[in-house]
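Undergrad: structure, please.
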Amino acid sequence: MNFICNVYFDMLKYFNNDIRRINHASKVYCFAKMIAEKEKVNKDTQTIIEIASILHDIGIKVCEQKYNSTLGHFQEIEGPIVAQNILKAYEIDNSILNRVLYLIGNHHSYNKIDDIDFQILVEADFLVNIYEDNMSLEQIRKIKEKYFKTVSGTDIIRSMYNL
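TA: Coordinates of the predicted model:
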């Protein structure tokens, strides 16, 4: 079993029977992996995107317990701590680990998007949230125009919502 599969299984075990959160992370991972591959990112960037997409909402359990909230701001505070505890079991290059933690700690702060890995994570999360939150076509159009920058992510949202 490869390293990414192990991280995925760690996420499953952490969320235990929280099927909603497991399914959300699984869908974001699928879209992020696909967009990254279609955008032909390098190997390290692909690894960062895959780990970050699997663990992007990992702090949500702590947020519910600590703040009685799932607000993105709280997830950005708690997520990197939980992710670091999960990832310490692996020998990950510090630059990759730090970038994964940065993405988890900022994935709701769209004004901080600074590179393709962050962009892809945001697009993948939006693709899943649009459906899960039952957004209107007008909301989807606005999100596409404001946040989608990659060719692949834009193609996916256009195809999914006939835009």
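
Undergrad: any idea which residue sits dead centre in the chain?
TA: residue 53 (3.2 Å; Cα atoms, centre = their mean).

Undergrad: I figured that residue hits residue 27, correct?
TA: No - with contacts counted by Cβ atoms under 8 Å, residue 53 stays clear of residue 27, the gap being 9.4 Å. Every C-beta, even on glycine, is put in place using the N, C-alpha and C of the backbone.

Undergrad: before we move on, back to that, show me the contacts for the residue nearest to the centre of the chain.
TA: Neighbouring residues of residue 53 by Cβ atoms under 8 Å, 6 or more residues apart in numbering: 25, 28, 29, 31, 32, 33, 121, 124, 125.

Undergrad: can I get those in JSON lines with pLDDT?
TA: Output for these, formatted as JSON lines (pLDDT from 0 to 100):
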{"residue": "25", "pLDDT": "98"}
{"residue": "28", "pLDDT": "98"}
{"residue": "29", "pLDDT": "98"}
{"residue": "31", "pLDDT": "98"}
{"residue": "32", "pLDDT": "98"}
{"residue": "33", "pLDDT": "98"}
{"residue": "121", "pLDDT": "98"}
{"residue": "124", "pLDDT": "98"}
{"residue": "125", "pLDDT": "98"}
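
Undergrad: now for the residues you listed: which two are most distant?
TA: Spanning the widest gap among the contacts of residue 53 are 33 and 125, at 13.1 Å by Cβ to Cβ.
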